[in-house]
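Peer 1: coordinates for the following, if possible.
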Amino acid sequence: MLQQTQAGRVIPYYEAFLSAFPDATACARAGPAAVVRIWSGLGYNRRALNLHRAARIVVAEHGGVVPSDEAALRSLPGIGPYTARAVRSFAFGADVATVDTNALRVLSRCVAGAPLTVSQAQHMADHLIPAGRSWDFNQTVFDLGATVCTPRPTCAECPLSRLCRWRRVGMRGPDPWRASPSARAQSRFAGSDRQGRGRLVQALRAGPLLESEVAVACGWPDDRERADRIAAELVTEGFARWSPRTPRRLQLR
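Peer 2: Purely as a prediction, here's the structure:
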């Protein structure tokens, strides 16, 4: 849920999700439509489907217990290097760093004083973690980047201001974080396929749609071809299915 979504938005959804699905077994037993419905409002609905698929694998291959091994974690749908490291650190206490946008800001400005790739920042952070303190280290760097070392930093409030390499050179030159290859603005959402996809999933949560209604639900009444492509993607990914009867209706699985 925290992938590309702020913690403040996530909390109520997280609590509702755990209430409905308190463990991997409960999530796995539910249909994907039930998981997608309770996810409603968080966006990036593919994450919900990946979570459901991951729960089914955890139950089938790991006895319902989330694995602590990185390779096993990364074999689960929706789990990449960052999320695998976050699970290993926060759930199992492994001494591995997790580098998100906030952490990248702190590391590039304060520690390196120069632009960093995510790989470089990850390597640096791994060497900075005090033994047995990955939970504290990662949470601290996250919070520092989210509240103080923000895109417009409040350096007077920063506990690391005396150590910050960028500040020690008078903050001259480009902001190391903004010059980092990974500090890229997100692509435009308005009018994107992602926006149409989200509209369609939201409409499907209310009930099945006639094939002729799909383009309107996407927000593209004059672009049936584009809407059909998005609907086909939902079906291929397992979000939705077409009813076998005529006229066809698209519905959540």
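Peer 1: do I have it right that Leu49 meets Leu234?
Peer 2: No: Leu49 lies out of contact with Leu234 (Cβ atoms under 8 Å); the separation is 9.4 Å. Quick note: C-beta positions are derived from backbone N, CA and C, even for glycine.
Peer 1: roughly how far does Ala231 sit from Thr25?
Peer 2: 32 Å (Cβ to Cβ, to the nearest Å).
Peer 1: comparing the two, which shows the higher neighbour count?
Peer 2: Higher neighbour count among Ala231 and Thr25: Ala231, with 24 against 15, using other Cβ atoms under 10 Å.
Peer 1: contact partners for that one?
Peer 2: Residues near Ala231 by Cβ atoms under 8 Å, 6 or more residues apart in numbering: Leu200, Val214, Ala240, Leu250.
Peer 1: now do the buried residues in the strand or helix carrying it.
Peer 2: Using DSSP states H and E, Ala231 sits in helix 224-237. Neighbour counts using 16 or more other Cβ atoms under 10 Å place Ala227, Ile230, Ala231, Leu234 of helix 224-237 among the buried residues.
Peer 1: beyond that helix, next helix or strand please.
Peer 2: Counting by DSSP H and E, the next helix or strand C-terminal to helix 224-237 is strand 240-242.
Peer 1: which residues sit against that next one?
Peer 2: Against strand 240-242 from outside (Cβ under 8 Å, 6+ apart): Leu204, Glu211, Ala231, Leu234, Val235, Arg248, Arg249, Leu250, Gln251, Leu252, Arg253.
Peer 1: swap in stretch 98-118?
Peer 2: Taking Cβ under 8 Å, 6+ apart as the rule, stretch 98-118 contacts 82, 85-86, 89, 97, 120-122, 124-125, 128, 138, 141-146, 149-151, 153, 160, 163-169, 175-177, 179-183.
Peer 1: re earlier: okay, the contacts of strand 240-242 in CSV with distance to Cys218 and pLDDT next?
Peer 2: Putting these into CSV (distance: Cβ to Cβ, whole Å; pLDDT from 0 to 100) gives the following:
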residue, distance to Cys218, pLDDT
Leu204, 11, 90
Glu211, 12, 92
Ala231, 8, 93
Leu234, 11, 88
Val235, 14, 89
Arg248, 16, 92
Arg249, 16, 93
Leu250, 11, 94
Gln251, 16, 91
Leu252, 15, 87
Arg253, 19, 82
